[in-house]
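*Asks:* have a look at this prediction, sequence included:
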Amino acid sequence: MVHNTHRTYRGHRRHSFVAADVNELVELRARQRTFHGAYSRTAISALCYALTILRLFDPSFHRIGLLFAILGGLLFGLAFLRSRHSQHDFADRHKEDDTHLKGIKTIGQDSGRIFGRPFVTAGWIVLQVTVVVAAVEITLLVLILKHHS
């Protein structure tokens, strides 16, 4: 039986992967907290803000609350996509990849252990978040201007 190498981690399937030591576990948790958690926390904040507007303000503000609920939903979708991107950082297919040798080492990485593929900003997700937030901000401005007139 041939393993699909891009779905294996040290020869194990993704769901049976266990960190080799505490340092690797800390690295995994840090990446999840930073890359996946930041998007999820932002989405939760937008949904809480929407709930506050919908519950506490006058019904004329419900469109603004709905707009923030849409923003929260879209950010959750983008958080899901970002987390799927991060899940493969430690896959076996990246073990032979030598792109980490081309990176500029910072202070403190001189004799540091390489845990997985190096962090690369997901430019496509940043662009998508920018487009979503810009669209929401423009729509918010239009709603506010319509409300005052």
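*Replies:* Received the coordinates, thanks.

*Asks:* hey, let's count contacts and neighbours off CA atoms from now on
*Replies:* Fine.

*Asks:* please, which helix or strand holds residue 49?
*Replies:* Taking DSSP states H and E as the criterion, residue 49 maps to helix 37-56.

*Asks:* give the buried residues for the helix or strand just after that helix.
*Replies:* With elements assigned by DSSP H and E, the helix or strand that comes after helix 37-56 is helix 62-86. By neighbour count, with 16 or more other C-alpha atoms under 10 Å as the criterion, the buried positions of helix 62-86 are 62-76, 78-79, 82-83, 86.

*Asks:* in this protein, where is pLDDT below threshold?
*Replies:* Along the chain, the parts satisfying pLDDT under 70 run over 1-17, 35, 85-122, 149.

*Asks:* with adjacent residues omitted, what lies nearest to residue 19?
*Replies:* When the adjacent residues along the chain are set aside, residue 19 lies closest to residue 25, with 5.4 Å between them (C-alpha to C-alpha, 6 or more residues apart in numbering).

*Asks:* mind exporting the helix or strand hosting the one you found as CSV, just the C-alpha atoms?
*Replies:* Element membership of residue 25 [criterion: DSSP H and E] is helix 22-31. Below are the C-alpha coordinates for helix 22-31, written out as CSV (Å, rounded to 0.1, in the frame of the first residue of the first chain):
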residue,chain,number,x,y,z
VAL,A,22,6.9,19.1,23.8
ASN,A,23,8.7,21.6,21.6
GLU,A,24,6.9,20.4,18.5
LEU,A,25,3.6,20.5,20.3
VAL,A,26,4.3,24.1,21.5
GLU,A,27,5.1,25.0,17.9
LEU,A,28,1.9,23.4,16.6
ARG,A,29,-0.2,25.2,19.2
ALA,A,30,1.5,28.5,18.5
ARG,A,31,0.8,28.3,14.8
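
*Asks:* if we can go back for a sec, quick check: angle from the helix holding residue 49 to helix 62-86?
*Replies:* Using axes from the mean of the first three to the mean of the last three C-alpha atoms, to 10 degrees, the direction of helix 37-56 lies 160 degrees away from that of helix 62-86.

*Asks:* all further residue positions should be reported with the first residue as 389.
*Replies:* Yep, numbering from 389; the last one is helix 425-444 now.

*Asks:* mind listing what's buried in helix 425-444?
*Replies:* Within helix 425-444, judged by 16+ other C-alpha under 10 Å, the buried ones are 425, 427-432, 434-439, 441-442.
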